[in-house]
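# Take this sequence and fold it.
(one chain, ligands or ions: 2)
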Amino acid sequence: MAPSLQAVRGMNDLLPAEVARWQRVERCLAQVLAAYGYQEIRLPIVEPTALFERSIGEVTDIVEKEMYTFLDRSGDSLTLRPEGTAGVVRAGIQHGLLYNQQQRWWYRGPMFRHERPQQGRYRQFHQLGVESFGCAGPDIDLEQIALSARLWRRLGLSGLRLELNSLGTPDSRARYRDLLQAYFSAHEGALDEDSRRRLHRNPLRILDSKNPDLQSLIAEAPQLIAHLDEESAAHFAALRAGLDALGIDYVCNPRLVRGLDYYSRTVFEWTTDRLGAQNAVCSGGRYDGLVEQLGGPATPAFGFAIGLERLLALLALDAGDAAPETPHVYLVWQGEAVMPRALQLAERWREALPDLRLVSNAGGGSFKAQFKRADRSGAAYAAVLGESELAAGQVQFKPLRSEAAQQQVALTQAIEWLRTTLTLAERG
Ligand code: ATP
Ligand code: MG
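Numbers count the residues shown, from 1 in each chain. Ligands and ions are numbered 1, 2, ... in the order given. The predicted model follows:
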């Protein structure tokens, strides 16, 4: 036997039982997003490499070492998207949707980063992201954070912690950058290789380091929040007052800088202490400069992304596994002559009752073997069609989940019987 092929390391299969849980969560998220007037946008998974270099920032973990980048057959450098915002902005500019208008969009899908796979950190993972364009004030920051808080509530999740910080404007950040550079330069000997490289090109990135040996040095570093410009400080104060008014708890974390370069003013993260080191479930913030930086009109923007694997892992801690949706009916039939009639019947029922979940037996088998499959399918009823039923123009419905008696129904009445027994809607 040839050696069996395996999925790529860090890229996971989602088997049907797992997908059922994802679909339930995704339905719930989509419902809340619609309630806030956000519309779904669907974009390519592959983008020109330059898009990510120009948006995420060249001196970031993602661009320096995590991207799946390759030359296609025409020699163009392409990258599997490591995050969603850059593509959303690219599309907004390309289709002229960001001129003097407000947009509220969301997206969902796989992202790719060549990181070290571990619990809660994968090479293909999924995000649901929310973006809004054209709103400069703290009201949209508040709206999106309230939206995220409602998502957790709707999913029955509690115990998530909201961490908040402000990065100011590019100007106040530049001044702070000098302070930070002076501070870390004085401690250059204590830095690791990554941080030493960043010291001159992008010292803020050092604050985002996950190296445990650097944490005390980072904790003592000057804080950006103490060097905010006046307008950013007012923006931040208004957001905090709004969160208080809405009863959303938060903690200010002056170390929160986020792993991408494009943020300005508000940044936030929802974290948990129930998932070990991979503690961020959702993160985002304001990125007022990005649209212009990518060649569009100056447009304020705010967004966040949820790591769906981490969200699902968190939900599973409380809920356990959910079963996939089971069929209403499993059609048991036998006899070569019966085959076309059985499948024809199944087609008619599905045609008349769009919500009916009907599995038709395939691959033959004795009635006994078929009933075993019917039982394993989780169906509520077996519908039985043999030569004698067919001759009599009837079908038997046998309840599989209760002791109730089997019922004989005329074929002409079967759709009506199914509709009322299973309380299904008719074709509209
Ligand atoms: P982390 O600090 O955990 O590396 P990040 O700052 O790189 O996260 P973002 O780029 O902001 O994360 O992505 C938003 C969310 O996507 C994160 O909060 C997290 O839940 C999730 N996420 C990021 N990277 C991964 C990954 N490799 N595997 C699974 N989920 C991820
Ligand atoms: Mg990361």
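# can you pull out the strands in the stretch 251-400 of the chain?
For the stretch 251-400 of the chain, the strands defined by DSSP state E, counting those that start in this stretch cover 251-252, 266-271, 280-286, 301-307, 329-333, 358-360, 381-385, 394-399.
# who wins for proximity to ligand 1 among these?
strand 301-307 (2.1 Å; Cβ to the nearest ligand atom). From N, CA and C alone the C-beta is placed, and that goes for glycine too.
# mind listing what the closest one pairs with, with the direction of each?
strand 124-133 (antiparallel), strand 280-286 (antiparallel) (DSSP bridges).
# Can you pull the phi/psi pair for Arg104?
Main-chain dihedrals, Arg104, degrees, to the nearest 10: phi -130, psi 110.
# count of residues packed around the residue lying closest to it once chain neighbours are set aside?
Among residues not flanking Arg104 along the chain, Tyr38 sits closest, at 4.4 Å (Cβ to Cβ, 6 or more residues apart in numbering). Neighbourhood size, Tyr38 [other Cβ atoms under 10 Å]: 21.
# Also Gly378?
Around Gly378 there are 17 residues (other Cβ under 10 Å).
# Export the strands of the stretch 251-400 of the chain as TSV, with columns for mean pLDDT and mean neighbour count.
Formatted as TSV, the strands of the stretch 251-400 of the chain follow (pLDDT from 0 to 100; neighbours: other Cβ atoms under 10 Å):
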stretch	mean pLDDT	mean neighbour count
strand 251-252	96	12
strand 266-271	97	23
strand 280-286	97	24
strand 301-307	98	24
strand 329-333	97	25
strand 358-360	97	18
strand 381-385	97	24
strand 394-399	97	19
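# Of all these, which one comes closest to Gly134?
Nearest to Gly134, of all the strands of the stretch 251-400 of the chain, is strand 301-307, at 7.9 Å by Cβ to Cβ.
# C-alpha coordinates for the closest one, PDB please?
Output in PDB follows, covering the C-alpha atoms of strand 301-307 (Å, rounded to 0.1, in the frame of the first residue of the first chain):
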ATOM      1  CA  ALA A 301     -12.000  53.100   9.400                       C
ATOM      2  CA  PHE A 302     -12.600  50.700  12.300                       C
ATOM      3  CA  GLY A 303     -12.700  46.900  12.400                       C
ATOM      4  CA  PHE A 304     -12.000  43.700  14.300                       C
ATOM      5  CA  ALA A 305     -11.600  40.000  13.700                       C
ATOM      6  CA  ILE A 306     -12.600  37.000  15.700                       C
ATOM      7  CA  GLY A 307     -10.500  33.900  15.700                       C
END
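# From the chain's centroid, how far away is it?
A distance of 11 Å separates the centroid of the chain from that of strand 301-307, by Cα atoms, centre = their mean, to the nearest Å.
# is it up against ligand 1 anywhere?
Yes. Remark: strand 301-307 sits within contact range of ligand 1 at Ala305, Gly307, by Cβ under 6 Å from any ligand atom.
# What residues does this structure have near ligand 1?
So far as Cβ under 6 Å from any ligand atom goes, the chain lies against ligand 1 at 83, 113, 115, 120-122, 125, 127, 259, 278, 280-283, 305, 307, 309-310.
# Mind doing that once more with 5 Å?
Arg113, Glu115, Arg121, Tyr122, Phe125, Gly259, Ala280, Ser283, Ala305, Gly307, Glu309, Arg310 (Cβ under 5 Å from any ligand atom).
# Verify the stated contact: the first one with Arg123.
Spelled out, it's Arg113. Yes. Counting by Cβ atoms under 8 Å, Arg123 is a contact partner of Arg113 at 6.3 Å.
# Glu163 is in contact with Thr271, correct?
Yes. Taking contacts as Cβ under 8 Å, Thr271 lies within contact range of Glu163: 6.0 Å.
# between these two, what contacts are shared?
Common neighbours of Thr271 and Glu163, using Cβ atoms under 8 Å, 6 or more residues apart in numbering, do not exist here.
# and the angle for the helix ranked longest in the chain with strand 301-307?
Counting by DSSP state H, the longest helix found in the chain is helix 16-35. Counting by axes from the mean of the first three to the mean of the last three Cα atoms, to 10 degrees, helix 16-35 lies at 160 degrees to strand 301-307.
# Quick one, grab the pLDDT at the closest residue to Glu387 other than its chain neighbours.
Nearest non-adjacent residue to Glu387, counting by Cβ to Cβ, 6+ apart: Gly335, 4.9 Å away. Looking at Gly335, its pLDDT reads 88.
# Tell me who's in contact with Gly335.
In this structure, Gly335 makes contact with Gly386, Glu387, Leu390, judged by Cβ under 8 Å, 6+ apart.
# Tell me which of the residues you listed fall in helices.
Mapping the contacts of Gly335 onto helices (DSSP H) picks out Glu387, Leu390.
# so which of the contacts of Gly335 comes closest to ligand 1?
Nearest member of the contacts of Gly335 to ligand 1, counting by Cβ to the nearest ligand atom, is Gly386, at 52.0 Å.
# Compute the number of surrounding residues for that closest one.
17.
# swap in Leu167?
For Leu167, using other Cβ under 10 Å, the count is 25.
# just the one 10 residues further on next, same as before
Other residues within reach of Arg177, judged by other Cβ under 10 Å, total 16.
# what do you get for the one 3 residues further on?
Burial of Leu180 is recorded as 21 neighbouring residues (other Cβ under 10 Å).
# Surely it touches Pro222?
Yes. Between Leu180 and Pro222 there is a contact at 6.3 Å, judged by Cβ under 8 Å.
# where's the residue of the stretch 51-200 of the chain found nearest ligand 1 relative to Ser209, distance?
Closest residue of the stretch 51-200 of the chain to ligand 1, Cβ to the nearest ligand atom: Phe125 (3.4 Å). Look at Phe125 and Ser209: by Cβ to Cβ, to the nearest Å, they are 21 Å apart.
# same thing with Ser388?
76 Å.
# Could you check which of these two has the larger neighbour count?
Ser209 (18 against 10).
# Tell me who's in contact with that one.
Ser209 neighbours (Cβ under 8 Å, 6+ apart): Asp192, Asp194, Ser195, Ile218.
# Wait, a strand at it?
No. Counting by DSSP: H, G, I helix; E, B strand; the rest coil, Ser209 is not found in a strand; it is coil.
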